[in-house]
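*Asks:* Predicted model and sequence below, questions to follow.
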Amino acid sequence: MKIKHILSFSFIAIMFSSCLGDKKNATISEMNDNSFVNENFKGNLINYSKDMSACENMSASSIASIYNISEELIVYEDVSKSDRRMPNSQPICNFFIKDGDNDFQWLKGSMNIQREIGKDEMAYDVAKAAGNGVAWEEAWALNKSISKSSEWIKDIGLAALWNESKKELKIKFRGYTLYVYPIKNRLNKAEVARQRDYKSAAIAMAKAAGYIN
């Protein structure tokens, strides 16, 4: 890994991790390790398209099953089907579970897609440093190496990384990255007391949406 790449990757990765108190010292061996890439990846189940939805196959019943609640408590918004979607914006879906006396208590989550940026595009350098360029492996390795709470999840997509601190699952596919934020609310005491396994919930959401088996 070239020094200038390390510096640019480090700046973005540290900026995200340090703001969440998740920073640790990176090691060269971790930064140069690409064994997390899934060599057995068989190809996308869903390919990227400009007008795609992030949750075309998601349903209230699938969320209800994951969270073991009634479908009547679930609200979700597919921005790709909304008049409020901006031209060329990335696909995103927002999920809510009605829990508590008011919407301040509701659980919230989302699923969004970041398109892979090509080397000939204006934003490539920034995208590469963030792990959303066509050369993404180094940025992903660095991001994992400086995060205390991140772990690789094997045999999902080209690569999959769970960040426990951010409660974020990102899965790399050919042409895009899927980001899943499980439905939660850290200020909802009843939800916190359930000690829910959000990593499993995020993986289940990715399955329900049709991205993985």
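*Replies:* In hand now; what should we look at? Residues are numbered from 1 along each chain as shown.
*Asks:* Go ahead and confirm Glu56 touches Gly210.
*Replies:* Yes - when contacts are counted by Cβ atoms under 8 Å, Glu56 is listed as touching Gly210 (7.3 Å). No exception for glycine: its C-beta is placed from N, CA and C like everyone else's.
*Asks:* What segments of this protein are helices?
*Replies:* Along the chain, the stretches classed as helices by DSSP state H are 3-18, 28-31, 60-67, 124-130, 137-145, 189-193, 198-208.
*Asks:* pull the helix or strand with minimum mean pLDDT from the protein.
*Replies:* Sorted by mean pLDDT, DSSP states H and E, the helices and strands of the chain end with helix 3-18, the least confident at a mean of 45.
*Asks:* and Ile74, how far is that from Lys189?
*Replies:* If you measure Ile74 against Lys189 using Cβ to Cβ, to the nearest Å, the figure is 21 Å.
*Asks:* what pairs with the residue minimising distance to the centre of the chain across the strands?
*Replies:* Note on the chain: the residue nearest the mean C-alpha position is Tyr179, at 2.1 Å, using Cα atoms, centre = their mean. Applying DSSP bridges to Tyr179 yields these beta-bridge partners: Asn112, Lys170.
*Asks:* between Ile74 and Lys189, which one's more packed in?
*Replies:* Using other Cβ atoms under 10 Å as the criterion, Ile74 and Lys189 rank with Ile74 on top: 20 against 10.
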